[in-house]
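Participant: Sequence and predicted structure below; questions after.
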Amino acid sequence: MAREAEIKFLVKLDSENVPEQIYWDASESESEGFKECDSLMVSMWDREEKNTMSIDLWTGEMNSHYYFILMKMADTYERATNNKDLSHMIREFAAEFASKVDDLAKKEG
């Protein structure tokens with residue numbers, strides 16, 4: 001039996017259309033109502049156009065978000081392709097990325 005699920009995003013913008021607050025809700029979520037988040041990245045593959053369409057919004061720091069996206073991409077890629085070598089390569093890049101971010105933070109701190 002087919003089901004439907006829905007994901008909603010609510011973005012509050014300032015006078016220059018820059019995101020100030022981002023909220024999300026999903027019909028399959030265990031909690032009810034919109035929940036706030038600091039960043040949102042959604043990518044969709046258009047097989048006819050052979051192109052990725054995306055929505056990228058953020059209200060604050062993105063370094064941690066990018067690190068965890070890279071790690072999640074490695075996990076998803078490995079499950080989808082069973083290619084452990086390339087998944088490992090993505091994880092290694094994520095670790096190097098995190099190290100560089102940490103180095104920059106120490107220099108700025």
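Facilitator: That came through fine.

Participant: Please, where are all the strands along the protein?
Facilitator: Using DSSP state E, the strands of the chain run over 7-13, 19-26, 35-37, 39-46, 51-58.

Participant: do you know which of those strands lies nearest residue 99?
Facilitator: Set against residue 99 and scored by CB to CB, the strands of the chain come closest in strand 39-46, at 21.2 Å. (C-beta placed from N, C-alpha, C; glycine too.)

Participant: mind listing what the nearest residue to residue 58 once chain neighbours are set aside touches?
Facilitator: Spatial nearest neighbour of residue 58, excluding adjacent residues (CB to CB, 6 or more residues apart in numbering): residue 39 at 3.8 Å. Neighbouring residues of residue 39 by CB atoms under 8 Å, 6 or more residues apart in numbering: 22, 56-60, 62, 65.

Participant: Just the buried ones from these?
Facilitator: Buried positions within the contacts of residue 39, assessed by neighbour count (16 or more other CB atoms under 10 Å), are 22, 57, 59, 65.

Participant: Restricting to C-alpha, output stretch 44-64 in CSV.
Facilitator: Provided in CSV are the C-alpha atoms of stretch 44-64 (Å, rounded to 0.1, in the frame of the first residue of the first chain):
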residue,chain,number,x,y,z
MET,A,44,17.7,16.8,-5.7
TRP,A,45,18.9,14.9,-8.8
ASP,A,46,17.1,15.7,-12.0
ARG,A,47,17.7,12.6,-14.2
GLU,A,48,16.3,14.3,-17.3
GLU,A,49,18.5,17.4,-17.0
LYS,A,50,21.4,15.3,-15.5
ASN,A,51,21.8,18.0,-12.9
THR,A,52,21.6,18.6,-9.2
MET,A,53,19.2,21.2,-7.9
SER,A,54,19.7,22.5,-4.4
ILE,A,55,18.5,24.7,-1.6
ASP,A,56,21.2,26.0,0.8
LEU,A,57,20.2,28.2,3.6
TRP,A,58,22.0,29.1,6.9
THR,A,59,21.8,31.5,9.8
GLY,A,60,25.1,30.9,11.5
GLU,A,61,28.3,28.8,11.6
MET,A,62,28.6,26.1,8.9
ASN,A,63,31.9,24.3,9.6
SER,A,64,30.3,21.5,11.8
